[in-house]
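Visitor: Sequence below, structure please.
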Amino acid sequence: MATPQLNFLTPSTIVDKDAQVRQKNKYLLEASYRPFRFANLPVELCLRILTYATGCSQGTYRSLSLTSKRISDLIRSEKMLEGVSVILTGENQLLAFESFLKQRPEVTPHIHALWTICPGSVARITRVCVSIINTCTKIRSLACHPSVLLESICRGKAFNHTRCVDLTMIEFRVTWNTFTESSTHGAKFLNQLERLHIIGALDQSLWATWAIIPKLDSLTHASIAMGSHRNITKALFSRVVESPKLQQVVITTRLHGEDQQMLSDNVQEIDERFSVVHRRRRWKESNLWHESLQDPTRFWKQAKEEKDLPPAPRPTLKNSA
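Guide: From the prediction side, this is the model:
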């Protein structure tokens, strides 16, 4: 039986084989497009593009900071930082951001939009949320739990959040008297708000005098996410409708068909400025909040356009095969 011979490739043979493969697949190695030299654009145009990009998310801002030294230098400008919305949806994110602010205190004046609403126990995150909010005193748009707002701004030693005009709170279980009577800070803060958004259905057990939304001096727009609740109490809005600058109140719901129509009829009996908008599938409150930063009028225009439309039809169940 003949012994098989082993063929070993010499270095020169390997080079020749590589050259043959490259020549054969040359068209795959050549780019079909010309590289775009972004850094060669005028600085003004670069800044405009980057301002839009950094406003998309904090993740985009982080990615751009790692792209190149030139882009990193451009997005570290004050204007860029002010356009970044900080969304913190977990305890680890909150702790990491708190540590970051301690290491980079020069960043804090440029934090203008902050979301701190997280799932889980509020008691666990209250301390770190209060710490972050008290550090970022130039906030213009804030999303937090009512208890966090109470401990950070309303009961603070000094009233520093004079620029905040947009507030989002989760859960409607709010003791409004606690905010206004805890100190003068609470009343000042609420009366400077222009937009108020409340996430959470109206709880029947809390339909009491202290649950009535107060009259607010600067409020122009308000919205409440009611989920699948069908009933609404007119008395809860008896004072907020007296707000001198109020233009629009929107109730968002997951109801369909007759249920949505019934809610819409009840809502419009409260005041002609009230309307109901059906909450689409996969509608995240954090996305709505972020979109309002990019275009403050988009949601309110949509609500006006849908005010007189028929209710959303009930989803039909697909027959199983």
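
Visitor: rest of the way, CA atoms for contacts and neighbours
Guide: OK.

Visitor: okay, and the helix or strand of the chain with the least pLDDT?
Guide: Within the chain, judged by mean pLDDT, DSSP states H and E, the helix or strand with the poorest mean is helix 26-29; its value is a mean of 59.

Visitor: Settle this for me: I71 is touching Y61, isn't it.
Guide: No: contact criterion C-alpha atoms under 8 Å: I71 and Y61 do not qualify, at 10.4 Å.

Visitor: And the two? Which one has more around it.
Guide: The neighbour comparison of I71 against Y61 (other C-alpha atoms under 10 Å) goes to Y61, with 23 against 17.

Visitor: Report the separation between the more buried one and L94.
Guide: 18 Å (C-alpha to C-alpha, to the nearest Å).

Visitor: All the strands of the chain, residue numbers only.
Guide: Assigned strands in the chain, in chain order: 85-87, 113-115, 141-144, 166-170, 195-199, 221-225, 248-253, 274-278 (criterion: DSSP state E).

Visitor: Of all those strands, which one comes closest to H290?
Guide: Comparing those against H290 with C-alpha to C-alpha, the closest turns out to be strand 85-87 (7.1 Å).

Visitor: elements contacting that closest one?
Guide: When contacts are defined as 3 or more C-alpha pairs under 8 Å, 6 or more residues apart in numbering; DSSP states H and E, strand 85-87 sits against helix 58-65, strand 113-115.

Visitor: Could you name the stretch from those that's closest to A143?
Guide: The closest approach between A143 and any of the helices and strands packed on strand 85-87, judged by C-alpha to C-alpha, belongs to strand 113-115 at 4.6 Å.

Visitor: Neighbouring strands of that closest one in the sheet, and parallel or not?
Guide: Here strand 113-115 is paired, per DSSP bridges, with strand 85-87 (parallel), strand 141-144 (parallel).

Visitor: neighbours around the residue nearest to I139 when sequence neighbours are not counted, how many?
Guide: Excluding the flanking residues, the one nearest I139 by C-alpha to C-alpha, 6 or more residues apart in numbering is H112, at 4.1 Å. Number of residues near H112 (other C-alpha under 10 Å) recorded here: 21.
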